[in-house]
Structures are given as C-alpha cells and as structure tokens.
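# Got a sequence here, can you model it:
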Amino acid sequence: MSQNSMLAMILAGGRGSRLHDLTSKVAKPAVHYGGKYRIVDFPLSNCANSGIDVVGVLTQYESIQLNSYVANAGTWGLDAKDSGVYVLPPREKADANLDVYRGTADAISQNIDFIDSFSPEYLLILSGDHIYKMNYAKMLAFHKEHKADATIAVIPVPMKEASRFGIMNTDEEGKIVEFEEKPANPKSNLASMGIYIFTWKTLRRLLLADVKSQESSHDFGKDIIPTLIAEGKSVYAYKFEGYWKDVGTIDSLWEANMDLLSPTNELDLSDPTWKIYTEDTSALPQYIGAEASISNAYITQGCIIDGEVRNSVLFTNAVVQPGAKVIDSVLMPGAVVEEGAVVTRALVANDVTIGKKAVVGTADSEHIELVAKRVKGVE
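Got it, this is the predicted structure:
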C-alpha cells in the first residue's frame, strides 16, 4: 500500500434528498456534473492522483447504479496489483426493514475488519458528494509533521454562512480546541470539508467504544472528533486553498456547473497535471448547426445545437432544436429542448424533453427550476 500505508474510505451512501427528483433513483454521488462527469469521480480521482491505491466506497441509498459504476477500478487507474476500489454496502440492520448506517462513524465501524486486512497506519475518510481537487498526500504530510491523531480539512466560508457547517475553533498553531456542529453563533469561519485523516490505531479504539455507547449518534462530527478533543489528543485543522463546492441543493449544483463558464474558474477540468477520471461514454462529436447561436457555453460531446445557447452547460447528447433558446441553464445527459422552446435559469434532468414552444423558468427567479419530467409543448 502506497502513501505510507494510508487507505481511503469514501462515504457515498447519502440520499441527497435536497436534490429532489435527481436522486429519486440514484445515489447523490452518482449524479452527473460538468458535462460528462459524476460527483463521485472527484474523490476517486483525487485518491488516484494522490498515490492512494486502495479505496473503499461505502454505499447505501439507491446503490445499484453507483455500485456498478465505482466497481470498475480501471476507470481511475486503480486496477493494478495491490490496488483497487472496493464497494462496501451496510452489513448490519439498523431497523427491521432497512439496511443502513446509523451515522458516519458507524459506516467505518462496520468495516473495521476490511480496514484491518490492509494494516494501514493512517485512514483517510472522505465525503462522496463534493466537487474539488485536493492532494491528500500533502494533507498526510501535514498530519505527520504535527504528530496528529486527527487532521480535519477546513475551508474559510463567509461568516453569514458558517452556521450551515461544522465549525473548527483553533489556537494560533492550528490545533483544534473546539468543534461546533452547525452553531447558531459561530466563533470562526473555518468549516469542515468532511475530509479527515486519522491515525488508525487511535480511531479504531474510539470506534470500538462508540459502538457500545447507546447515547452516541455514531457520527464523526457529533461524537468521535469531540471525544478526541476532550481527551486532549492532537487534532489539527488543515487549511485548504482552492475550489470546493458542496452540491447538496439544486441551486448549488447549478452554481457549480455555472462556475465552469468563468475564465478564472479554479477547478480547470482540462488540467493534465490533475486529471479527473470518468467513464468513457460513447458519443458522436458535437454538432453545431449553421443557424446556431452560442455564447459563453460549455458543450460536451454528442450535443446537437441548432438553436441559441447562452451562458449554459450542456451535458452529453443534449439537443437544442431550431428556434429554441437555452439561457443560464444546465441540460443534463440526453435532455432535449424542442423547436421554439425557451429554458431560462433551469436545470433539466437526464433524458427530459421540453416540448415545442414551451417556456420553462424565468430570468428573475430566486431559485433554479428543476425540470425532472417532460414539459408538454404545442402539439
């Protein structure tokens, strides 16, 4: 095992209920993003690029499609000898009818035997539903330099938004002295990114104790990390600089796609030095018709454009027919906007058709409109 014996575990079992119909049949990490990618591509690619070659993916909600997707380790170059991506569904029943993890820490506790089989010195725990690039090897070097028991990646957020996150209060050296889970009156703006490195021996002891506690919610933010701090262990904040987006809502998913249109976008999906790997989708080259009008757009392979596209992101095989307008919008794979239809400030889900001359969304709407079912047009 490379990277000084560090194994990664990706928590990819979230339902993503705030994404509404986009996650009615697929897990949140399997939702499409950025033309041809899926959200889970980012933590997996970060692992591959950071030299981590053993990754466990913990699935739960609507996991069939996600399981089959991540099981192809070769997509991320993790199919060599002594490496691999392992799909790990829940093993225990939290109630009589549903196999679930009781919390983020419980997800790891149920897989202690799997982790032990690789004898790691360090364990990297990742959320499977964020968009970002990060070199975990640098974070591990920080962890080792500070002789930490736990290191938590943090990112500064606007103070007015800090109450939405787990907030780290640190001393002058970056040691975390207090962890506040979504505080009403935050003392700092250092938000947890849901990225942790633990010294495995220490974490294993805490997990075994946590399993036996009936008062615990079996969560890293609510139980494990506060216990480490209360015990006086070395818990440090690792400050991340770069693009990071929590795409937990329709608005934030739309915003993350719109960010790709900015000339100063820090994500840069075409960066050859930090490639984001994804499945190889078979599609024809994009086709731009003679009457098409395109400005500030991100258009993926297989798209057919005969209408107007302005300030929008079009995923694989999206279609904009003659006379149609797509403005400030996201068309997911296979979406079709028929003749004369107008789509404004909307996110159109996979394979959804906007009928002829239909009007969807408005330029002054407060929130982005999700279109998850066919919109009937003029017959």
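
# and Ser295, how far is that from Leu261?
In this structure, Ser295 and Leu261 are separated by 10 Å, where distance is defined by CB to CB, to the nearest Å. C-beta here means a position set from N, CA and C on the backbone, and glycine is covered the same way.

# hmm, I was thinking of Ser50
Relative to Leu261, Ser50 is positioned 28 Å away (CB to CB).

# Looking at those two, which has the bigger crowd around it?
Ranked by neighbour count (other CB atoms under 10 Å), Ser50 and Leu261 place Ser50 first, with 21 against 14.

# ok, and the closest non-adjacent residue to that one?
Ranked by CB to CB, 6 or more residues apart in numbering and with sequence neighbours excluded, the top spatial neighbour of Ser50 is Tyr136, at 4.1 Å.

# do Met6 as well
Tyr122 (4.2 Å).

# Over to Ala107?
Taking CB to CB, 6+ apart, and ignoring the residues beside it in sequence, Ala107 has Tyr101 as its nearest neighbour in space, at 4.1 Å.

# Is there a neighbour count for the one you found? I'd like the number.
A count of nearby residues for Tyr101, using other CB under 10 Å, gives 23.

# picking up where we left off before, the residue nearest to Met6 against His143, yeah?
Yes. Tyr122 lies in contact with His143 (CB atoms under 8 Å); the separation is 7.0 Å.

# joint contacts of the two?
Between them, Tyr122 and His143 share these contacting residues under CB atoms under 8 Å, 6 or more residues apart in numbering: 197, 199.

# These two: which has the busier surroundings?
Counted by other CB under 10 Å, Tyr122 and His143 do not tie: His143 has more neighbours, with 25 against 22.

# Could I get the phi/psi values of the more buried one?
For His143, the backbone dihedrals are phi -60, psi -50 (criterion: degrees, to the nearest 10).

# can you pull the buried residues of the longest helix along the chain?
Of all the segments of type helix in the chain, defined by DSSP state H, the longest one is helix 200-212. Across helix 200-212, burial judged by 16 or more other CB atoms under 10 Å covers 200, 202-204, 206-207, 210.

# quick check, nearest of the residues you listed to Gly174?
Within the buried residues of helix 200-212, distances to Gly174 taken as CB to CB reach their minimum at Thr202, with 18.6 Å.

# Once you drop chain neighbours, what's closest to that closest one?
In this structure, Thr202 finds its nearest non-sequential neighbour in Asp149, 4.6 Å apart by CB to CB, 6+ apart.

# ok, now how distant is that neighbour from Gly377?
Using CB to CB, one gets 60 Å for the distance from Asp149 to Gly377.

# Likewise for Ala341?
Relative to Gly377, Ala341 is positioned 6 Å away (CB to CB).

# intersection of neighbour lists for those two?
Shared between the contact lists of Ala341 and Gly377 (criterion: CB under 8 Å, 6+ apart) are residues 354-358.

# and for stretch 214-228, what are the contacting residues?
Identification of contacts with stretch 214-228 by CB under 8 Å, 6+ apart yields 102-106, 109, 125, 149-150, 152, 166, 176, 179, 181, 192, 196, 202-203, 206-207, 210-211, 213, 235.
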